[in-house]
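Asker: The amino acid sequence is not available; the structure is as follows:
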C-alpha cells in the first residue's frame, strides 16, 4: 500500500504436512486443497506466551540465512499442540468456532479424520487448528482490502495421492498415473510431479462439485487466482506410475493411432511410438523417439510430419471441446479474476479458449509467444520456477559465479521493469527479489541464490527466504526502494 501497488501474489498456502520433513516444503503437493498450512498460524494469537525460551528459539530460527523447514515445523507444532491442550476445549465452545465448523463441515470432517488416522491424534485438534488459521488469514485479508490491496492465490493443478481427497474420494483420480510435463523451457528431460491425474468423467457426474467447492473456499481469501498449468484443463501429460521420467509420458485425453494407420504409413512402431494405456491397441508418438535416426530419409520426413501434427495440431478441436466443458463451469463458481499459467508446449486452441473465457495469460520476455502482449494478461519478470532478473543476465553471459561484472545494475533493472509496466498487460506482477534489485544497498549480495524452485528437481528443498526482515520494508532502510516503486508506477500510469 505504501508503494501504490494493489496486488500481492502468493504461492500455494494449503497444508502439505506428512511427516514434517523437507519433502513437505513443496507447496504444490497438498494433502488437502481446502485446509490451510499449520505453519502459517500466528502462535501469539492462540495463547502461546512469548517468554525467554520462545524468544531464544525465534531468534535462532530467524537468524538462519535459509529456512530450515523441519526445525521450524517441529518447533511450531510443539507450541500449537500445547496451545490446543490448554485452550482447545474452551475455544470449541465459542459461537465463532461452531459457525466455522458448520460452514466448512463438508471438507473439514474428511480432512480432520484423515489427519487423525495419519497421526494417531484426535480429529478435533485439526478442526481447531483450521479454525484459527481461517480466523487469522481472514483478518489479514480484511485488512489488506481496507488498504486497497488484493491477494492473488495459486491453484495447484495437482492433488497428492496421499491426500485427504484421494483417501476419501479415490474415484475422482487416476491413481495408476502421475501428472507431469513434456520437455520444455524448464526441463529438457520433462517433469514428473508425482500426483495422480484427474478422472474428469467421474467429476462431471455431479457437475464438478469438488472443483466448485475448492474454488469457493479459495475465494474466501483471494480476489484473483493463478491457475497452475492451465494446459491440464485441456489435456495432461500423464506418466504411468512404473516410470519416473517425464519422457515416458503421454497425453490424456488424446487421439492415438491404430497399428493399421502406422503400418499404412510404412513406419515401424518400435522406437517411434509407445502404447496408449487409456486406449488398448492404440499408439502415441514418443516425445523423444529413439528410432528416428535409423529411418530412411523419406521415413524421417513422414514421421516428422506426423510428430509435428500430433503434438501441435491434431488435437486442437478435441482439446478445445474438452476445456470448454470444464472451465466455464469452474469459473462461474466464484467472482475471482482467473489468470492462467500458459507456458510450455501450448496448443493453438489454448489462447482461443482463454480469450473467450476472459482468463488472463502469462507473458514473459524470455518466453515470447510470437505475438504482442494482449491486454488480458499478466506480465512478469520472473517466477518462483525461474531465475531472477540478475540471475538471468549472468546465465546469458555464461558467468554464473555471482561476480559483480555479470550482475545487472539497478538502472538496468529499472529499464526492464519499466518495459513491463509500459506494456498493454492488465496486470504487472514481479517477484520481490526483482523489485529489491532496484536498490543497490538493499539488494541481495549473493544474487545467484535468489531462485526459489528448480522444477526439474523433484527433491528440491523450498528453503529460500528474503535476506532482510520484511518489516524493514516499512522503515527508512527501504525509503529509496519504495520511492522508486512509487515513481515507476506513476510514470507508467499504473
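Answerer: Received it, and whenever you're ready, just let me know what you need. This one's a predicted model, so the numbers in the text were calculated from it and none came from an experiment.

Asker: Tell me if residue 237 really is in a helix.
Answerer: No: remark: residue 237 does not belong to a helix; assigned using DSSP: H, G, I helix; E, B strand; the rest coil, it is strand.

Asker: so who does residue 265 touch?
Answerer: For residue 265, the contacting residues are 302, 306, by CB atoms under 8 Å, 6 or more residues apart in numbering. C-beta here means a position set from N, CA and C on the backbone, and glycine is covered the same way.

Asker: Check residue 461 too.
Answerer: 22, 25, 69 are the contacts of residue 461 under CB under 8 Å, 6+ apart.

Asker: can we see that at 7 Å?
Answerer: By CB atoms under 7 Å, 6 or more residues apart in numbering, residue 461 lies in contact with 22, 25.

Asker: Distance of the spatially closest residue to residue 237 that is not a sequence neighbour relative to residue 152?
Answerer: Excluding the flanking residues, the one nearest residue 237 by CB to CB, 6 or more residues apart in numbering is residue 249, at 4.6 Å. Using CB to CB, to the nearest Å, one gets 30 Å for the distance from residue 249 to residue 152.

Asker: looking at it, residue 428 is touching residue 381, isn't it?
Answerer: No: the pair residue 428 / residue 381 is not scored as a contact, 8.8 Å apart, by CB atoms under 7 Å.

Asker: And residue 249 and residue 152? Which one has more around it.
Answerer: Of the pair residue 249 and residue 152, residue 249 is the one with more neighbours under other CB atoms under 10 Å, namely 27 against 19.

Asker: now residue 7, which residues is it bridged with?
Answerer: Residue 7 has the following beta-bridge partners by DSSP bridges: residue 150.

Asker: Which pLDDT value does the model give it?
Answerer: pLDDT recorded at residue 7 is 97.

Asker: The one 5 residues further on too?
Answerer: Residue 12 carries a pLDDT score of 97 in this model.

Asker: Over to the one 5 residues further on?
Answerer: For residue 17, the pLDDT comes out at 97.

Asker: what are the ranges of the helices in the stretch 251-400 of the chain?
Answerer: Per DSSP state H, counting those that start in this stretch, the stretch 251-400 of the chain carries helices over the ranges 259-264, 297-312, 316-331, 349-356, 389-397.

Asker: for the ones you listed, which one sits closest to residue 53?
Answerer: Nearest of those to residue 53, taken as CB to CB: helix 389-397 at 39.2 Å.

Asker: Check which residues of that closest one are buried.
Answerer: By neighbour count on 16 or more other CB atoms under 10 Å, the buried set for helix 389-397 is 389, 390, 391, 392, 393, 394.

Asker: Thought residue 426 was touching residue 363, still the case?
Answerer: No: shown here, residue 363 and residue 426 do not form a contact pair, counting by CB under 7 Å, at 10.4 Å.

Asker: end to end, how far does stretch 150-160 reach?
Answerer: With CA to CA, to the nearest Å as the measure, the ends of stretch 150-160 fall 28 Å from one another.

Asker: Report the distance from that stretch to the chain centre.
Answerer: Chain-centre distance of stretch 150-160: 6 Å, with CA atoms, centre = their mean, to the nearest Å.

Asker: which sections of this protein are below the confidence cut-off?
Answerer: For the chain, the stretches with pLDDT under 70 are 185-186.

Asker: Could you work out the end-to-end span of stretch 24-33 for me?
Answerer: End-to-end span of stretch 24-33 (CA to CA): 15 Å.

Asker: Equivalent analysis for stretch 264-282, please.
Answerer: End-to-end for stretch 264-282, by CA to CA: 14 Å.

Asker: One more: stretch 462-474?
Answerer: Taking CA to CA, stretch 462-474 runs 26 Å from one end to the other.

Asker: Show me what counts as buried in that stretch.
Answerer: Within stretch 462-474, the residues scored as buried using 16+ other CB under 10 Å are 462, 464, 467, 473.

Asker: hang on, the third one packs against residue 444?
Answerer: Yes: applying CB under 7 Å, one finds residue 467 in contact with residue 444, separated by 4.9 Å.

Asker: Now do the contacts for the closest residue to residue 351 other than its chain neighbours.
Answerer: Spatial nearest neighbour of residue 351, excluding adjacent residues (CB to CB, 6+ apart): residue 361 at 6.7 Å. For residue 361, the contacting residues are 340, 342, 351, 354, 374, 376, 377, by CB under 7 Å, 6+ apart.

Asker: try residue 92
Answerer: Residue 92 makes contact with 124, 128, according to CB under 7 Å, 6+ apart.

Asker: do you know how far it is from residue 127?
Answerer: According to CB to CB, residue 92 and residue 127 sit 8 Å apart.

Asker: Compare residue 363 and residue 426 (neighbour count), which wins?
Answerer: The residue with more neighbours, out of residue 363 and residue 426, is residue 363; 23 against 16, by other CB under 10 Å.

Asker: who's that one bridged to?
Answerer: For residue 363, the beta-bridge partners under DSSP bridges are residue 379.
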